[in-house]
Every structure is written in structure tokens, then in C-alpha cells.
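Q: Fold the following and give me the result.
(one chain, ligands or ions: 1)
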Amino acid sequence: MPAKSMEELVALCKRRGFIFQTNEIYGGLQGLFDYGPLGVELKNNLKQAWWRSMVYERDDVEGLDAAILTNPEVLKQSGHEETFTDPLVDCRSCNSRWRADHLEKSACPSCGSKDLTEPRPFNLMFKTNVGPIDDGSSFAYLRPETAQQTFTNFKNVVDSTSKSLPFGIAQIGKAFRNEVTPRNFIFRVREMEQMELEFFVKPGTDEEWHQFWVKNRLKWWSKQGVSEEKLDLYDVPNKELAHYSKSTIDIMYKFPHGLEELEGVANRTDFDLGSHTKNQSEFSIKAKVVKNSSSNAKLAIQDRETKEWIVPYVIEPAAGVDRGVLAVLNEAYEVQELEDGKERTVLSLKPHLSPIKAAVIPLKKNNEDLVSAAANLKGELQGLGLGRVLLENSGNIGKSYRRHDEVGTPLCITLDFQTLEDQTVTVRNRDSMEQERIHQKETSAYLQEILK
Ligand code: GAP
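A: I've put the predicted structure just below:
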């Protein structure tokens with residue numbers, strides 16, 4: 001049985017050290033979470049899988065890691081100052097605030113009153129003061145998407161890598177939104193992480209590339225263990241499109257709280273590069289850009305054959321890391337009924353996402369010979385560079401197996417007294433629960449096979 005409710009996932013995450021409420025000892029801070037010892041591994045593994053598929057497995061994509069604090073002019077030209085808003089209403093009875101488009105039957109979710117103010121736009125961007133004088137004259141925004149920092153680096157990347165169209169720039173990093181109603185655990189948060197690719201193409205080829213990236217991303221999610229039947233596509237209607245988008249296909253996932261956006265794949269046209277380009281009239285920019293930019297850049301690329309300067313169109317697959325973590329946890333979580341009537345909780349994560357790849361367990365706690373042999377084996381397996389290998393010196397094999405099932409460790413390796421004589425160990429597979437006796441020399445190949 002997959003996770004029945006968000007509560008079950010939240011409980012597992014806290015119990016096993018995946019995700020904690022931030023600043024919990026002070027009552028927390030709404031819409032913010034911390035990733036614990038296993039959560040950070042899972043999150044890093046998901047990001048690595050994205051980076052591998054976007055950057056290493058392609059030769060037409062380069063990486064970037066840009067600043068979070070952003071010059072306000074960037075977000076003015078990009079249209080975010082004016083349009084990156086949610087409709088906000090106040091309840092006149094209990095003074096609570098809500099997103100107008102999240103209300104059911106136009107009633108306050110807190111007290112049920114229908115005495116609400118008219119919706120008004122609320123800008124979602126966080127501001128912070130820059131430098132020692134705090135009089136509002138020098139501020140920066142915390143970026144609301146990684147994308148703008150990619151666009152403003154367009155020329156730097158083109159000049160330093162000699163790319164020609166089509167090509168992309170990939171970035172993973174934090175983004176901040178002052179969500180009116182953060183909710184559903186890590187689904188809607190105020191500080192999140194995004195994995196965004198800006199893929200630059202010749203105008204006219206954009207629709208074809210848009211389709212390409214939707215298919216590519218669906219395949220990738222399925223490789224992360226997200227089942228196809230829980231995914232859906234939503235062709236965003238014109239009235240719901242972001243200000244920069246010609247068309248957007250949202251990849252939707254059946255989260256425990258309902259079918260919601262996991263990733264958006266947008267055709268941003270030449271809106272952003274056009275908006276950040278000076279002397280816009282020199283180029284054939286098709287999108288209605290914000291206004292003549294005060295930047296000193298020409299965010300265009302010269303066609304090698306025609307020598308014409310082109311402001312490329314952008315196809316943008318933009319995924320949330322936190323929503324990705326929630327989806328893969330939801331997919332992997334299972335409470336199984338065993339033949340002996342007992343239950344076991346197991347996280348059947350794809351092994352490349354598992355926080356711990358293998359646990360090496362000496363049968364007897366603190367037995368010097370066994371622990372030393374286990375430490376040697378752990379060192380050897382850790383040296384393969386496949387991810388974290390843990391020496392588990394608890395002395396309780398049954399408990400260790402249960403714990404590692406629950407955190408998704410694909411392989412447990414037990415050393416017993418026979419190991420000291422003939423160097424054989426017992427390997428136990430998380431999914432089949434089958435145990436096998438093999439020579440410890442074979443464990444490297446065994447683990448590599450699991451992680452293939
Ligand atoms: N650069 C385009 C962009 O930011 P978006 O649809 O607003 O587009 C992209 O965001 C992805 O970021 C979403 O599909 C979602 O996975 C994630 N995301 C957006 N807002 C979020 C929030 N408040 N909490 C968690 N993830 C969020």
C-alpha cells in the first residue's frame with residue numbers, strides 16, 4: 001500500500017530524520033523546513049540525477065550557480081515587480097489573510113465568515129537590505145526563480161563557451177516566495193529549491209522543442225520511480241499563463257493531498273532575453289517586452305551561417321526539488337503485510353536516490369574483530385564513490401534490517417563469526433528480503449549491480 005496520507009509521510013520524515021520543521025524549538029516559522037541527515041542525502045541524490053541527465057549526458061547544456069540576491073532592476077525588467085502577485089483577501093471577522101483562488105465557497109477557512117475584502121494583488125517577492133544603511137534606498141530581492149540569473153548570464157556563458165543554438169543553461173538553487181498560504185508540508189513553501197533548464201532555440205523551432213522537453217521530463221520522472229499513472233499533463237489555459245509564457249504544459253502528480261503541479265515546462269519566447277536587452281529596436285523581438293532596458297547587454301547570438309543576430313526563444317523545464325522529494329517519498333513508501341502476519345514499512349526508493357546505499361553490520365556489537373572487519377569493508381565500498389555506506393554497530397540484526405527497510409537502504413551486509421574464518425558475508429536485499437552468502441570480495445560488484 002502506498003502512503004495513505006500526508007500525515008504518514010510527515011511522521012516518517014520526522015521519525016527517521018528526513019525532514020524537520022524549521023526552528024521547531026521556537027515554535028517554527030511557517031512554510032519553512034529543514035532537511036535532516038537522510039533528507040539531505042535524498043535531496044542531493046535527486047539533484048545529482050537531474051544534473052547528470054541535463055548536463056553530463058548532453059553536450060548542449062552548460063551549468064551555472066548564480067547569486068540569490070538580485071538587483072531590483074532585473075526583476076523590474078522581467079515583469080516580476082509588476083505581475084508576480086497572488087490575489088489576497090482579508091477576513092473582516094477574524095483578520096486572517098487568504099489567497100482568493102484557494103478559497104472554497106468564498107468563505108474564510110479559519111472562521112467560516114463570508115465577510116471578505118475584495119481581492120487585491122500581493123507581490124510574492126522577499127526584499128532585503130544591502131549594505132550598512134537600512135533606509136530602504138539600497139535593497140535587493142531574494143530571487144523568486146533561478147531563471148532570471150540565468151538570463152542575465154546569457155552573454156557570459158555564450159562568450160565563454162562558444163555555444164550556438166540550440167543550447168541550454170542549467171541551474172539548481174534556492175528561490176524564495178512569500179506565499180500567502182504555505183501548506184501541504186514541503187509542497188508549498190516560502191524557501192524552496194528549483195532545478196531549472198533554460199533551453200535557447202531559434203524562433204520557429206520553439207514548439208517542437210517544447211514537445212521534446214515535455215516528453216524528456218516525463219521519462220526522467222519515471223526513472224526516479226514516479227509511476228506514470230500518477231502523472232498527468234495540464235495544458236495551462238491562456239488566462240492562467242505566467243506573464244512571460246506563450247504556452248505552458250504542467251507536469252502534474254497525484255500528491256497525497258491531490259493532483260498538483262510537480263514541474264512546469266514553459267515556452268517563454270524571447271520575452272526575458274528581449275526584456276534585458278538594450279536597444280531592443282535593433283532586433284526582431286517578437287514578445288511584447290517590458291520596456292527599453294537599462295542594461296548594457298545585447299542578449300542575442302549571431303547565427304553562424306546567416307550572420308544575423310537572433311534573440312533566441314526559451315523553452316524552460318522548471319522543477320521543484322522539494323516537490324520532487326515529496327513525490328519520490330510518496331511513491332516509495334509502503335506498509336507491507338508479511339506472510340507471518342507482521343507488517344514492515346519499506347521505502348522502495350530507486351537505489352540511486354537512497355540516502356544510504358549499503359549498511360555494513362557486524363553481528364555482535366563492539367566485537368573488536370568483527371567491527372574491524374566491517375570497518376575495512378565499509379571503507380572499501382565507500383571508496384567506490386557510489387554514495388554513503390554506513391557501518392551499523394547496533395548488534396541487533398533484525399532491528400537494523402527494519403530500520404534500513406524504512407529508510408530505503410537497498411543492501412544490508414552482515415558479518416558474523418564465519419566471516420572471520422572464510423571472508424563470506426550475508427547480503428540481504430531490501431525489496432525481496434532474500435539473503436545470500438557471498439565472498440566479501442564480491443560485495444563491490446554486487447552493490448554496483450544494484451546501483452546500475
Ligand atoms: N522559472 C519558472 C518558474 O519558476 P513556477 O511554475 O513558478 O515556474 C517552477 O515554478 C516549479 O517550482 C514548480 O513546478 C514547483 O515544482 C516549484 N515551486 C514553485 N513554487 C513553489 C513553492 N512555493 N514551494 C515549493 N515548490 C514550488
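Q: how about stretch 146-161, does it reach the ligand?
A: Yes. Residues of stretch 146-161 contacting the ligand under C-beta under 6 Å from any ligand atom: A147. Where you see a C-beta, it was placed from the backbone N, CA and C, and this is true even at glycine.
Q: That stretch: end-to-end distance?
A: Taking C-alpha to C-alpha, to the nearest Å, stretch 146-161 runs 20 Å from one end to the other.
Q: cool, stretch 311-330 as well?
A: Start-to-end, stretch 311-330 (C-alpha to C-alpha) is 41 Å.
Q: and this structure, which residues reach the ligand?
A: 145, 147, 177, 179, 188-189, 192, 194, 196, 261-264, 316, 318-320, 322-323.
Q: now, which of those lie within helices?
A: Judged by DSSP state H, the subset of the residues of the chain next to the ligand located in helices is A147, D322, R323.
Q: Same list (those) but as TSV, adding neighbour count.
A: Formatted as TSV, these follow (neighbours: other C-beta atoms under 10 Å):
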residue	neighbour count
A147	24
D322	22
R323	23
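Q: The residue of the stretch 201-350 of the chain found nearest the ligand bridge partners, please.
A: The minimum distance from the stretch 201-350 of the chain to the ligand, using C-beta to the nearest ligand atom, falls at G320 (2.4 Å). Note on G320: beta-bridge partners Q194, judged by DSSP bridges.
Q: State the mean pLDDT of stretch 159-170.
A: Taken as a whole, stretch 159-170 has an average pLDDT of 96.
Q: Would you mark the buried spots in that stretch?
A: Neighbour counts using 16 or more other C-beta atoms under 10 Å place K163, L165, P166, F167, G168, I169, A170 of stretch 159-170 among the buried residues.
Q: swap in stretch 220-227?
A: W220, W221, Q224, G225, V226.
Q: now what about it, what contacts it?
A: Contact with stretch 220-227 is made by 46, 49-50, 53, 228, 231, 251, 253, 262-263, 324, 327-328, 331-332, 348-350, 353, as judged by C-beta atoms under 8 Å, 6 or more residues apart in numbering.
Q: Span of that stretch from start to end?
A: End-to-end for stretch 220-227, by C-alpha to C-alpha: 11 Å.
Q: Tell me the residue of the stretch 351-452 of the chain that sits nearest the ligand?
A: Closest point on the stretch 351-452 of the chain to the ligand, by C-beta to the nearest ligand atom, is L353, at 17.2 Å.
Q: For that residue, which non-adjacent residue is closest in space?
A: N45 (4.7 Å; C-beta to C-beta, 6 or more residues apart in numbering).
Q: Now for the one you found: which residues touch it?
A: N45 sits next to H352, L353, S354, P355, G387 when contact means C-beta under 8 Å, 6+ apart.
Q: returning to what we had before: inside helices: which ones of the buried residues of stretch 220-227?
A: Cross-referencing those against helices under DSSP H gives W220, W221.
Q: Run a quick neighbour tally on G63.
A: As a burial measure, G63 scores 14 neighbours (other C-beta atoms under 10 Å).
Q: Am I right that it falls within a strand?
A: Yes. Counting by DSSP: H, G, I helix; E, B strand; the rest coil, one finds G63 located in a strand.
Q: Mind checking which of the contacts of stretch 220-227 are in strands?
A: L231, I251, Y253, L262, E263 (DSSP state E).
Q: Nearest to E62 among those residues?
A: E62 has its nearest neighbour among the ones in strands among the contacts of stretch 220-227 in E263, at 20.8 Å by C-beta to C-beta.
Q: just checking, the closest one touches A319?
A: Yes. E263 lies in contact with A319 (C-beta atoms under 8 Å); the separation is 3.9 Å.
Q: Find residues that contact each of those two.
A: Shared contacts of E263 and A319, defined by C-beta under 8 Å, 6+ apart, comprise R217, I251.
Q: got the contact list for V346?
A: By C-beta under 8 Å, 6+ apart, the residues touching V346 are E334, Q336, D405, E406, G408, R430, D431.
Q: buried ones in stretch 438-452?
A: Across stretch 438-452, burial judged by 16+ other C-beta under 10 Å covers Q440, T443, Y446, L447, I450, L451.
Q: Also stretch 129-147?
A: Within stretch 129-147, the residues scored as buried using 16+ other C-beta under 10 Å are A140, Y141, L142, R143, P144, E145, T146, A147.
Q: ok so, going back, E282: which of the ones in helices among the residues of the chain next to the ligand is nearest?
A: Nearest to E282 among those, counting by C-beta to C-beta, is A147 at 23.9 Å.
Q: Can you tell me how far the closest residue in space to the closest one that isn't next to it in sequence is from L64?
A: With C-beta to C-beta, 6+ apart as the criterion, A147 has its nearest non-adjacent residue at 5.5 Å, and that residue is E196. Distance, E196 to L64, using C-beta to C-beta, to the nearest Å: 10 Å.
Q: between these two, what contacts are shared?
A: Common contacts of E196 and L64, defined by C-beta under 8 Å, 6+ apart, comprise T150, A170, Q171.
Q: what about the last one, which helix or strand?
A: Counting by DSSP states H and E, the element that carries Q171 is strand 167-176.
Q: want to throw the ones in strands among the contacts of stretch 220-227 into TSV with distance to T70?
A: Listed next are those as TSV, based on distance: C-beta to C-beta, whole Å:
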residue	distance to T70
L231	32
I251	27
Y253	29
L262	25
E263	23
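Q: Need the CA coordinates for stretch 256-269. CSV is fine.
A: C-alpha atoms of stretch 256-269 as CSV (Å, rounded to 0.1, in the frame of the first residue of the first chain):
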residue,chain,number,x,y,z
PRO,A,256,-1.3,12.8,-1.1
HIS,A,257,-3.4,16.0,-1.0
GLY,A,258,-4.4,15.9,-4.7
LEU,A,259,-3.3,16.3,-8.3
GLU,A,260,-0.9,19.3,-8.4
GLU,A,261,2.0,20.8,-10.3
LEU,A,262,5.3,19.0,-10.0
GLU,A,263,7.1,20.8,-12.8
GLY,A,264,6.2,23.4,-15.4
VAL,A,265,7.5,23.3,-19.0
ALA,A,266,7.1,26.8,-20.4
ASN,A,267,7.7,28.4,-23.8
ARG,A,268,9.0,31.8,-22.6
THR,A,269,9.6,33.0,-26.2
